[in-house]
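K.L.:
Provided below are the primary sequence and the corresponding predicted coordinates.
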Amino acid sequence: MRSATMRIEKKRIWLAVLTITTLLLYIGSFEWLLRSWLTMDAYSHGFLIPFVSGFLVWQKRNLLHEASSRRSPLLFIGAVLLYLAGQLTGAVFIATLSLIPFLLGLILLFKGYEAARGLAFPISFLIFAIPLPAVDLATLTLQSVSTILATAISHLAGVESSFEGCQILLDGTIFEIAPACSGFNSIISLYTIVTLLSYLIPDPLMDKVILFAATLPIAIFTNGLRIGITLIVASRYGVETGMKYFHGWGGLTFYITALLSIFALLGCIRWTRKISTEQ
């Protein structure tokens, strides 16, 4: 009885030491994440990600009760090296990213392969809380694509418009496709949802890959459609009415349309697989 109590106390001490060590090592990363979540619209959902990951870990907490003989320090060592590389080069993204293999490395080191494999997704899901580098370049590319796509959609509706760079000219009015209109914010959010959905549904891996790959073009098209509809409304009912749509319920419409398209695609994939199986 006494030995069992001592083992429990020893585990608690180790847990406390590892928790404090992790907090001290990554305090700079946590501060950067907090600032990013507060100031970057694309990552305002970052506050929720740790809670989602924590819940998914809690669902599989039984994996942490028993240690496996298949343990290895390699992942932990690799994570430490990645952390040091980020610190020495001043690359806060790399230093923060190392937290994911760091946590998985600790599990692999102390609990073994089965626990690390079972908790790989819940911990890796934290990546959606970490702002990506080169966001400006990605945003600029999406601005250009959205500009071209929106202009083409307006032409299909018989609206005469032209574009230059990230500007659309319509009836003497210039519509600036700003970074906030690129759709980048919604793309990050949609990929977060699709990744979690892919983890939760029991569909084959290939179906999940198709769904994941289709998310980007769906998001880009629906964003271009949103801007294109704005041009059409502005052409027929005035610029002020068009901008009211764009800044009002246009954004919500775009997001709901993208989500419904993703779920519709999932339904089509399931239906196609069911038909092929029956045949």
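P.N.:
Right, received. Where do you want to start? Remember, predicted model here, so these are calculated numbers, not experimental data.

K.L.:
if I look at the nearest residue to residue 86 once chain neighbours are set aside, how far off is residue 53?
P.N.:
Closest residue in space to residue 86, ignoring its immediate chain neighbours: residue 95 at 2.9 Å, by CB to CB, 6 or more residues apart in numbering. (C-beta placed from N, C-alpha, C; glycine too.) Here residue 95 is placed at a distance of 19 Å from residue 53 (CB to CB, to the nearest Å).

K.L.:
confidence score at residue 161?
P.N.:
Looking at residue 161, its pLDDT is 86.

K.L.:
no no, residue 49
P.N.:
Looking at residue 49, its pLDDT is 96.

K.L.:
mind exporting stretch 177-187 as PDB, just the C-alpha atoms?
P.N.:
Taking C-alpha atoms only, stretch 177-187 is exported to PDB below (Å, rounded to 0.1, in the frame of the first residue of the first chain):
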ATOM      1  CA  ILE A 177      -9.500  43.700 -52.800                       C
ATOM      2  CA  ALA A 178      -7.800  44.300 -49.500                       C
ATOM      3  CA  PRO A 179      -5.900  41.500 -47.500                       C
ATOM      4  CA  ALA A 180      -9.000  41.000 -45.400                       C
ATOM      5  CA  CYS A 181     -11.000  40.200 -48.500                       C
ATOM      6  CA  SER A 182      -8.500  37.500 -49.700                       C
ATOM      7  CA  GLY A 183     -10.400  34.700 -47.900                       C
ATOM      8  CA  PHE A 184      -7.200  33.700 -46.100                       C
ATOM      9  CA  ASN A 185      -8.900  34.000 -42.700                       C
ATOM     10  CA  SER A 186     -11.700  31.700 -43.700                       C
ATOM     11  CA  ILE A 187      -9.400  29.200 -45.300                       C
END
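
K.L.:
Can you give the distance of it from its chain's centre?
P.N.:
Here stretch 177-187 is found 15 Å from its chain centre; the criterion is CA atoms, centre = their mean, to the nearest Å.

K.L.:
on that earlier part again, pretty sure the residue nearest to residue 86 sits against residue 27.
P.N.:
No. Residue 95 is not in contact with residue 27 according to CB atoms under 8 Å; the separation is 11.1 Å.

K.L.:
Between those two, which has more neighbouring residues?
P.N.:
residue 95 (22 against 10; other CB atoms under 10 Å).

K.L.:
Using the three-state scheme, assign that one.
P.N.:
Following DSSP: H, G, I helix; E, B strand; the rest coil, the label given to residue 95 is helix.

K.L.:
which residues of the stretch 101-250 of the chain score low on pLDDT?
P.N.:
In the predicted model, the stretch 101-250 of the chain carries pLDDT under 70 at residues 245, 247-250.

K.L.:
Please enumerate the strands of it.
P.N.:
162-164, 167-170, 173-176 (DSSP state E, counting those that start in this stretch).

K.L.:
Quick check: which of those strands is buried the most?
P.N.:
strand 167-170 (a mean of 18; mean count of other CB atoms under 10 Å).

K.L.:
can I get the strands of the stretch 101-250 of the chain in CSV with distance to residue 264?
P.N.:
Formatted as CSV, the strands of the stretch 101-250 of the chain follow (distance: least, CB to CB, whole Å):
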stretch, distance to residue 264
strand 162-164, 30
strand 167-170, 29
strand 173-176, 30
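
K.L.:
looking at these, which is closest to residue 196?
P.N.:
Checking these against residue 196 by CB to CB gives strand 173-176 as the closest, at 34.0 Å.

K.L.:
What is the distance between the closest one and the centre of its chain?
P.N.:
31 Å.

K.L.:
Nearest to residue 134 among the strands of the stretch 101-250 of the chain would be which one?
P.N.:
With CB to CB, the closest approach to residue 134 among the strands of the stretch 101-250 of the chain belongs to strand 173-176: 22.2 Å.

K.L.:
which residues are contacting the closest one?
P.N.:
Here strand 173-176 makes contact (CB atoms under 8 Å, 6 or more residues apart in numbering) with 166-169, 227, 230-231, 234, 239.
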